[in-house]
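> Show me how the following folds:
(one chain, ligands or ions: 1)
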Amino acid sequence: MYLALGTWYLVLTMKTSPFGQADIPQTDKLPKVTALFNGVASRYDLMNDLMSGGLHRVWKNFLLRLIDTAAYPELLDVAGGTGDIAARFIQAGGKHALVVDPTAEMLAVGRAKHAALPIDWQKGQAEALPLPDASQRLYTISFGLRNVVDIDAALAEAARVLRPGGQYFCLEFCPEPWPDLRDIYRFYGDSIIPRLGAVVADDRAAYEYLIESIRRFPKPAALSQLLEKAGFGAVRFIPLAGGICGIHQAVRL
Ligand SMILES: C[S@@+](CC[C@H](N)C(=O)[O-])C[C@H]1O[C@@H](n2cnc3c(N)ncnc32)[C@H](O)[C@@H]1O
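As a prediction, this is how the structure comes out:
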């Protein structure tokens with residue numbers, strides 16, 4: 001009797017995170033997500049180009065155009081993976097970037113690819129950054145926030161490491177594009193992406209996860225509210241590609 005009650009108490013109070021179509025205990029998500037990205041790391045950049053028809057480059061370049069690298073020469077790029085944002089930041093005039101990501105293979109691919117650039121690579125997760133309070137002035141997270149275990153904790157941690165006035169940028173897919181694109185977007189997500197994942201990365205499940213993680217991510221207005229709750233102001237959302245993805249920009253208050 002007590003054992004059954006105790007089990008129910010644990011089930012009801014256990015914190016969960018979305019993973020694909022399931023909700024899993026929060027403690028299980030990070031190992032699952034890092035295993036998934038470790039598995040696709042060597043094909044990750046190629047898959048990005050194939051899946052987006054090269055558009056991810058346009059979106060990332062657009063993000064960089066919002067950043068004043070002269071005023072903000074140091075970047076913290078969280079969930080930085082193979083370093084696409086960090087490398088663009090340096091090419092745009094930035095002096096130094098720190099990529100933080102929990103997946104060893106993604107970091108290894110990035111480190112080898114951008115060895116000549118002033119980028120440091122550190123293992124760590126968005127919810128527990130290995131950095132002191134108020135030590136950063138510029139924070140980016142690109143196609144990373146939907147992968148974290150706990151979005152609120154990741155935003156709180158961004159607010160902790162940024163100084164007042166610090167800039168926050170999140171580039172991310174949106175769960176629903178504008179109405180005219182919804183049917184084709186759904187078809188693309190259900191039929192094309194998993195097939196590409198199977199053929200190119202030999203991992204259909206990883207790319208099915210990717211689609212579900214997009215569908216379950218908060219809508220832009222909801223994410224703006226979470227940012228405000230976490231201590232950010234001047235929050236604005238810039239939709240890209242008919243609302244397929246977009247950029248949240250905010251200032252640490
Ligand atoms: C889709 S990739 C994005 C990589 C890169 N930012 C880009 O735009 O190409 C997502 C990245 O999020 C990382 N990630 C997963 N869970 C994370 C967490 N809890 N904190 C920080 N990064 C995480 C993964 O290791 C992976 O490198």
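> Counting by contacts, list what the longest strand anywhere in the chain packs against.
If you go by DSSP state E, the chain has its longest strand at strand 162-173. With contacts defined as 3 or more C-beta pairs under 8 Å, 6 or more residues apart in numbering; DSSP states H and E, the packing partners of strand 162-173 are helix 55-65, strand 136-142, helix 220-230, strand 245-252. No exception for glycine: its C-beta is placed from N, CA and C like everyone else's.
> Following element in sequence after the third one, please.
Which is helix 220-230. Downstream of helix 220-230, the next assigned helix or strand under DSSP states H and E is strand 232-240.
> Just list the residues touching the nearest residue in space to Leu55 that is not next to it in sequence, thanks.
In this structure, Leu55 finds its nearest non-sequential neighbour in Ala241, 6.4 Å apart by C-beta to C-beta, 6 or more residues apart in numbering. Ala241 sits next to Leu55, Trp59, Pro177 when contact means C-beta atoms under 8 Å, 6 or more residues apart in numbering.
> JSON lines for those residues, including distance to the ligand?
JSON lines is the format used below for those (distance: C-beta to the nearest ligand atom, whole Å):
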{"residue": "Leu55", "distance to the ligand": "12"}
{"residue": "Trp59", "distance to the ligand": "9"}
{"residue": "Pro177", "distance to the ligand": "18"}
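> and the closest residue to the ligand within the chain, which of the three is it?
At 2.7 Å from the ligand, Gly81 is the closest residue in the chain, using C-beta to the nearest ligand atom. Following DSSP: H, G, I helix; E, B strand; the rest coil, the label given to Gly81 is coil.
> which residues touch the helix or strand hosting Ala206?
Using DSSP H and E, Ala206 sits within helix 204-215. For helix 204-215, contacts defined as C-beta under 8 Å, 6+ apart pick out 18-21, 36, 39-40, 47, 51, 146-147, 173-175, 189-190, 193-198, 201.
> Only the buried subset of those, as a PyMOL command please.
Typed into PyMOL, the line below selects the buried ones among those, using 16 or more other C-beta atoms under 10 Å:
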select buried, resi 18+19+20+36+39+40+47+51+146+147+173+174+175+189+193+194+196+197+201
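> Strands - which of the contacts of helix 204-215 land there?
Pro18, Phe19, Phe173.
> Please name the spatially closest residue to the residue nearest to the spatial centre of the chain (chain neighbours excluded).
Against the mean C-alpha coordinate of the chain, by C-alpha atoms, centre = their mean, the closest residue is Gly144 at 0.8 Å. What sits nearest to Gly144 in space, not counting adjacent residues and going by C-beta to C-beta, 6+ apart, is Ala79, at 2.3 Å.
> before we move on, back to that, if you look at the helix holding Ala206, does any of it touch the ligand?
No - Helix 204-215 does not reach the ligand (C-beta under 6 Å from any ligand atom); its nearest approach is 7.3 Å.
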